[in-house]
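Chemist: Quick one: sequence plus predicted model below, questions after.
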Amino acid sequence: MKIGVLSGGGDAPGLNAVIRAVTRTAVLKYGWEVLGINDGFEGLLTPIKTRPLTPWNTRGILFLGGTILGTTNRGNPFAIKSIVGGKEIVTDESWTVVNNIKELGLGALIVIGGDGSLKIGHKLHELGVPITGVPKTIDNDLSATHVTFGFQTAVDTATDALDKLHTTAESHQRVIVLEVMGRYAGWIALQAGIAGGADVILIPEIPYSTEKVAEKLLERKKAGSKSSIVIVAEGAKPAGGDMAVRETAADGYVLRLGGLGEIVGDQICKSTDLEVRVTVLGHLQRGGSPCPYDRLLATRYGSAAVELIAQDKLGEMVSFQPPEIKSVPIERVISDLKLVDPEGDLVKTAEAIGVNFGR
């Protein structure tokens, strides 16, 4: 048996731990060959970009951030963009990928990715490619799994940033707005906001009122607080307004959100006399060494993905359903996103301790 493994979409701490676990389980337990696909699905177009993986050449990567295979969120083989005669055209190159997988002799392909990459994987599976999925996203927005690897490290990074911002905000008596990632889900902002003592948390699931945010900040100043911290999920939006979108793909898929931190900062300045500064955490949330929790979860996922192949359970994604790793059909995973419940325990806990959500 020869299997392939690729990582698609944005990078996340723990990707290398998955690749290492896939390789070691496949080679040491089953005696299979493992082929790493470089640069996501782009590596399966022509020319093919691969590298053999062994326990030897994947040693020492458990604690490394990023991915040794490279990744991209622009390599959708069902919608390849190119410029012909000065005009942009979109072509379907999915059968090129299918044929190249056959040419490589792969008995199965492990796709490590979020909703976008797993949707591509599911489409390829419908074309006859044996696919197994591993849930990867710092946004933690994949349904049918308790948590995705990379999320906890991103929360740790955002919380550490809040700890540092508290001290400078207090020193200068300012409001500091921190923009974090998360796309359509507010999990990073919510959990880091609570852990980092934010005063206002703005998330996509709860459209915010600028007036309510301003009221909260002015109340704090009146009560004697010298500073305030506002954490903003990149996908949050004002009531009746839209998300701040930076870039969209040819098929309408939103590639990049961002800019809401500056918008919120400007809104606060206009609504109050408070001095405001904005920090965008950006790709710091994606980089660096994975925390021990993510290393362990990623290792469990990678090993379990190989076991699914051994059991001929293809078209499924490994899923953490505490305390066990199980599997679910990829079709079920990509049908909807896992979003924060506006009336759930975490939101209620935050509001009980005085956090404002702009509502």
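Modeler: Thanks, I have it.
Chemist: Please enumerate the helices of the stretch 101-250 of the chain.
Modeler: Per DSSP state H, counting those that start in this stretch, the stretch 101-250 of the chain carries helices over the ranges 115-126, 151-172, 187-195, 210-222.
Chemist: just checking, what packs against the shortest one?
Modeler: Looking back up the chat, that one is helix 187-195. If contacts are counted by 3 or more CB pairs under 8 Å, 6 or more residues apart in numbering; DSSP states H and E, helix 187-195 sits against helix 151-172, strand 175-180, strand 200-202, strand 228-233, helix 345-352. Heads up, the C-betas are built off the backbone N, CA and C, glycines and all.
Chemist: try 6 Å
Modeler: Counting contacts by 3 or more CB pairs under 6 Å, 6 or more residues apart in numbering; DSSP states H and E, helix 187-195 is packed against helix 151-172, strand 200-202, strand 228-233.
Chemist: and the angle for the last one with strand 175-180?
Modeler: With axes from the mean of the first three to the mean of the last three CA atoms, to 10 degrees defining the directions, strand 228-233 sits at 20 degrees from strand 175-180.
Chemist: Quick one: list the elements packing against strand 228-233.
Modeler: Judged by 3+ CB pairs under 6 Å, 6+ apart, the packing partners of strand 228-233 are strand 175-180, helix 187-195, strand 200-202, helix 260-271.
Chemist: between the second one and helix 345-352, how big is the angle?
Modeler: Right, helix 187-195. 40 degrees.
Chemist: What about residue 29, how many residues nearby?
Modeler: Residue 29: 12 surrounding residues under other CB atoms under 10 Å.
Chemist: Equivalent analysis for residue 182, please.
Modeler: Neighbourhood size, residue 182 [other CB under 10 Å]: 30.
Chemist: which residues of the protein score low on pLDDT?
Modeler: Within the chain, the ranges that satisfy pLDDT under 70 run 249-253.
Chemist: ok so, going back, and the helices and strands packed on strand 228-233 as JSON lines, adding distance to residue 345 and mean neighbour count?
Modeler: Output for the helices and strands packed on strand 228-233, formatted as JSON lines (distance: least, CB to CB, whole Å; neighbours: other CB atoms under 10 Å):
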{"stretch": "strand 175-180", "distance to residue 345": "21", "mean neighbour count": "26"}
{"stretch": "helix 187-195", "distance to residue 345": "11", "mean neighbour count": "25"}
{"stretch": "strand 200-202", "distance to residue 345": "15", "mean neighbour count": "28"}
{"stretch": "helix 260-271", "distance to residue 345": "26", "mean neighbour count": "19"}
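Chemist: circling back: for residue 304, which of the helices and strands packed on helix 187-195 is the nearest?
Modeler: Residue 304 lies closest to helix 151-172 among these, at 17.7 Å (CB to CB).
Chemist: Good, we can wrap up now.
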